[in-house]
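Chemist: Need a 3D model of the sequence below.
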Amino acid sequence: MQLEPQDQKRLLAAEGFLQLGMFLDAIDELEALPKNLTNSIQVLALWIEAYQGLKKWGEMQAVAHRLAEVAPENVQWAISWAYATRRAESIPAAREILLEAMARHPKEPLIYYNLACYDCQLGELSSARGFLERALKMAPNFRRMALEDDDLRPLHSELT
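Modeler: Here you go, the predicted structure:
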């Protein structure tokens, strides 16, 4: 996408504000962009970051859902959608999103990791254990993250 210089500056400013945790300033920049850019993947991705930073889960959920539909090849959109859905709705709803994403992205360890977290929180420890084993097989470096993750607390003794 070819951007006008002032639009490029706004995008860079929004990215900078997000990196600094200045989410409202980032939103000001995003809202000032011309309408023809508001639906671009690049801009929508910045909205996800801003909404996550502000804990506006419903808004984040809507934008991530849209991105997951228009760019399903990018697994991050499904993961973001599930993350927001967990907070805006429920863990079972988020779990369903990731189960669908798993079919499209069977080699993405973060999907299995998050499914392990969700199942742990739902008390489905056997399923959680299976998902976590699969995630750790694909990404052994996730072990440290798992040991510090409160969602996986019921499985911590099995990770040491």
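Chemist: since we're on residue 90, how many residues are nearby?
Modeler: Neighbourhood size, residue 90 [other C-beta atoms under 10 Å]: 13. Where you see a C-beta, it was placed from the backbone N, CA and C, and this is true even at glycine.
Chemist: got the contact list for it?
Modeler: By C-beta atoms under 8 Å, 6 or more residues apart in numbering, the contact list for residue 90 is empty.
Chemist: can you check residue 77 too?
Modeler: Here residue 77 is in contact with 64, 67-68, 71 (C-beta under 8 Å, 6+ apart).
Chemist: right, and residue 101 touches residue 111 too?
Modeler: Yes - between residue 101 and residue 111 there is a contact under C-beta atoms under 8 Å: 5.6 Å.
Chemist: of these two, who's got more company?
Modeler: It is residue 111, of residue 101 and residue 111, that has more neighbours when counted by other C-beta under 10 Å, with 27 against 23.
Chemist: Give me the residues contacting stretch 136-144.
Modeler: Contacts of stretch 136-144 (C-beta under 8 Å, 6+ apart): 107, 109-110, 112-113, 135, 146, 159.
Chemist: Could you let me know which of the residues you listed ends up closest to residue 42?
Modeler: Closest approach between the contacts of stretch 136-144 and residue 42, by C-beta to C-beta: residue 110, at 21.5 Å.
Chemist: what's that closest one in contact with, if anything?
Modeler: 75, 79, 135, 139 are the contacts of residue 110 under C-beta under 8 Å, 6+ apart.
Chemist: would you turn these into TSV with pLDDT, distance to residue 48 and neighbour count?
Modeler: Shown next, in TSV, are the contacts of residue 110 (pLDDT from 0 to 100; distance: C-beta to C-beta, whole Å; neighbours: other C-beta atoms under 10 Å):
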residue	pLDDT	distance to residue 48	neighbour count
75	97	14	19
79	98	11	22
135	98	23	24
139	97	23	15
